[in-house]
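A.B. asks: Provided below are the primary sequence and the corresponding predicted coordinates.
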Amino acid sequence: RRPKNFPPGPPVLPILGNLLHLNPQNPLEDLEKLRKSYGNVYSLFLGPKPIVVINGVKAMKEAMVIKAAEFAGRPQDTIVNDVFDVKGVILADYGTSWREHRRFALMTLRNFGLGKKSMEDRIHDEIQHTIKTLDESIGRTLCPQVMFHNVASNIICQVLFGTRYEYDDEFVTTIIQCVTEITKIFNGPWAMLYDCLPFIRNLPLPFNKAFKNIKRSSDLVLRLLNEHKNTRTPGEPRDFLDCYLDEMEKVCENSQITISDDILHYFSVSTVSLYETDKKQCQQEIDQVLEGKDQACFDDRHQMPYMQAVIHESQRIANTVSLSIFHCTTKDTELAGYSIPKGMMIVQNLSTVLKEEGQWKYPHEFNPDNFLNDQGEFVKPDAFIPFSAGPRMCLGEGLARMELFLIMVTLLRKFKFIWPEDAGKPDYTPIFGVTLTPKPYPMKVQHRL
Ligand code: HEM
């Protein structure tokens, strides 16, 4: 039963709670229906466990920005915590260890050139490998998804481990395979049951596959960590991992061992999806701004309002991390006039902000005009929050922005991407998961010039 002044929601069944209200394959439509019935702040029961779902820009800002510290926790009793079993940043609860890791990660990313030329060079180096792959595919049909996964993961590998991997390298393919398997479990009904029914956690059920896969990828990453330990010169870091080892030594000297020896298991998989839009207008702008230049730099974005609008609109429609990462309340608080107790799991439905009526000129269609004013200048509405908002907002936003801009501009400058005639109509229905991804799709590539 809902406590007094708790956010409203659908009637709750014994044991199952509201599980039958949600399609585990993709609950986004169900969550939208519930928002229409119960308003922008409502509650659900996953089995016996209550959660509060936040929708729309007003409630989202009240929680994540105005009452930031009260909504900045992370739930600790889920399959995700048990599988990853690391402190780090993403899954750590609000507190000293999270704050230290986040500060360290941001500082180190900056030291390795985020916002400076060297990170741009790393991205451009990786794009050269993509160009080579595309050059070899001219005139043929290819499925580009794995290629884009590899680009994004190689850029982060260069920062973390100081190395890139060939697209068929065993290390990367095994890690991507493990992460894919793990996310499949996280997104399925077994994860929901694990979270709701603690007594089944030790039984030999399908969620154990996630534990096996994390062990496999951890072993590979541990090998890399040991190599680093054996070959590093303290105080002269080659990459993020060396910086982490240096920091651990410093922290140990000061005998406040809050930074753990666990390694980041975060491999960014940001997929560039191709939407049918006026690519010609992007290409015209690119040709004009880059005339006489070898390659684009991140600063060129200020001269490319249309390209910027297309990238932001792609992100708005693609809605990659649609339910953000679950938060939890750090103390008893209030939201939209409702009482919410400490420790409550909070789900941010970012889709409802990215497609909110009244916030966008064209909320439900792909239209770069959502980010252009009457003078054709680029503008970013307040409701553009694909990276969330507040103290927990995405730590990799700067890197992701740089990658999206440089990769899209460089590839559109050089290639034509064509939907094959015999491929039927494109199916834009996303595959639901921790990230929303497009269904595998074919494309043809031609040189532009
Ligand atoms: C287009 C690509 C990306 C999108 C849309 C995205 C989106 C998000 C979202 C929605 C969150 C949850 C924020 C919250 O809990 O309120 C998040 C957290 C996070 N992201 Fe990203 N992200 C992207 C790329 C990256 C990259 C490339 C990195 C690594 C450099 C990264 C690192 C992180 C980390 C460490 C957190 C946890 C922050 C914390 O808990 O304090 N992300 N991201």
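C.D. replies: Right, received. Where do you want to start?
A.B. asks: any idea which element the spatially closest residue to Leu22 that is not a sequence neighbour lies in?
C.D. replies: Of all residues not flanking Leu22 in the chain, Asp30 sits nearest, at 5.1 Å (CB to CB, 6 or more residues apart in numbering). The way it works is simple: take the backbone N, C-alpha and C, and place the C-beta from them, glycine included. With elements taken from DSSP states H and E, the one containing Asp30 is helix 28-38.
A.B. asks: now that helix: mean pLDDT?
C.D. replies: Average pLDDT, helix 28-38: 96.
A.B. asks: got the angle between the next helix or strand after it and helix 28-38?
C.D. replies: For helix 28-38, the following helix or strand on the C-terminal side (DSSP H and E) is strand 41-46. Angular relation of strand 41-46 and helix 28-38 on a 0 to 180 degree scale: 130 degrees, by axes from the mean of the first three to the mean of the last three CA atoms, to 10 degrees.
A.B. asks: Next, the residues that contact strand 41-46 from outside, please.
C.D. replies: Contact partners of strand 41-46, identified using CB atoms under 8 Å, 6 or more residues apart in numbering, comprise 2, 6-10, 12, 17-19, 21-22, 34-35, 50-55, 59, 192, 195-196, 335-336, 338.
A.B. asks: Let me see the contact set for the residue nearest to Leu22.
C.D. replies: Residues counted as contacts of Asp30 (CB under 8 Å, 6+ apart) are His21, Leu22, Asn23.
A.B. asks: What segments of the stretch 301-449 of the chain are strands?
C.D. replies: Taking DSSP state E, counting those that start in this stretch as the criterion, the stretch 301-449 of the chain contains strands spanning 327-328, 333-335, 338-340, 345-348, 415-418, 443-447.
A.B. asks: right, and the ones you listed - which one's nearest Asn150?
C.D. replies: Within the strands of the stretch 301-449 of the chain, the stretch nearest Asn150 is strand 443-447; the backing value is 16.1 Å (CB to CB).
A.B. asks: So which bits of the stretch 251-400 of the chain are right by the ligand?
C.D. replies: Applying the criterion CB under 6 Å from any ligand atom, the portion of the stretch 251-400 of the chain that neighbours the ligand consists of 266, 268, 270, 320-321, 324-325, 327, 386-388, 392-396, 399-400.
A.B. asks: Can you flag the buried ones in those residues?
C.D. replies: 266, 268, 270, 320-321, 324-325, 327, 386-388, 392, 394-396, 399-400 (16 or more other CB atoms under 10 Å).
A.B. asks: Ser388 versus Gly95, what's the distance?
C.D. replies: Using CB to CB, to the nearest Å, one gets 19 Å for the distance from Gly95 to Ser388.
A.B. asks: Quick one: residues contacting the residue in the stretch 101-250 of the chain that the ligand sits nearest to.
C.D. replies: Distances from the stretch 101-250 of the chain to the ligand, computed as CB to the nearest ligand atom, single out Arg102 as the nearest residue at 5.1 Å. In this structure, Arg102 makes contact with Val89, Leu395, judged by CB under 8 Å, 6+ apart.
A.B. asks: Helix or strand: which one has it?
C.D. replies: Taking DSSP H and E as the definition, one finds Arg102 inside helix 96-111.
A.B. asks: Equivalent analysis for Ile214, please.
C.D. replies: Under the assignment given by DSSP H and E, the secondary-structure element containing Ile214 is helix 208-231.
A.B. asks: Confirm His149 sits in a strand?
C.D. replies: No - read with DSSP: H, G, I helix; E, B strand; the rest coil, His149 is helix and lies in no strand.
A.B. asks: Could I get the pLDDT score of it?
C.D. replies: The score at His149 is 82. That number is its pLDDT.
A.B. asks: Make 3 the starting number, not 1.
C.D. replies: Noted, 3 is the first residue going forward, which turns the last one into His151.
A.B. asks: Hmm, it is touching Ile178, no?
C.D. replies: Yes - in this structure, His151 sits in contact with Ile178. The criterion is CB atoms under 8 Å, and the distance is 6.0 Å.
A.B. asks: List the contacts of the closest residue to Gly115 other than its chain neighbours.
C.D. replies: By the measure of CB to CB, 6+ apart, the closest residue to Gly115 outside its immediate chain neighbours is Met121, 4.0 Å from it. Contacts were defined as CB under 8 Å, 6+ apart; by that measure Met121 touches Phe114, Gly115, Val161, Leu401, Met404.
A.B. asks: What degree of burial does Glu251 show, as a neighbour count?
C.D. replies: Counted with other CB atoms under 10 Å, the burial measure for Glu251 works out to 11 neighbours.
A.B. asks: Assign it to one of the three secondary structure states.
C.D. replies: Taking three-state DSSP as the rule, one finds Glu251 in the helix state.
A.B. asks: Now list the buried members of the contacts of Asp32.
C.D. replies: Neighbour counting over the contacts of Asp32 (16+ other CB under 10 Å) leaves His23, Leu24 as the buried ones.
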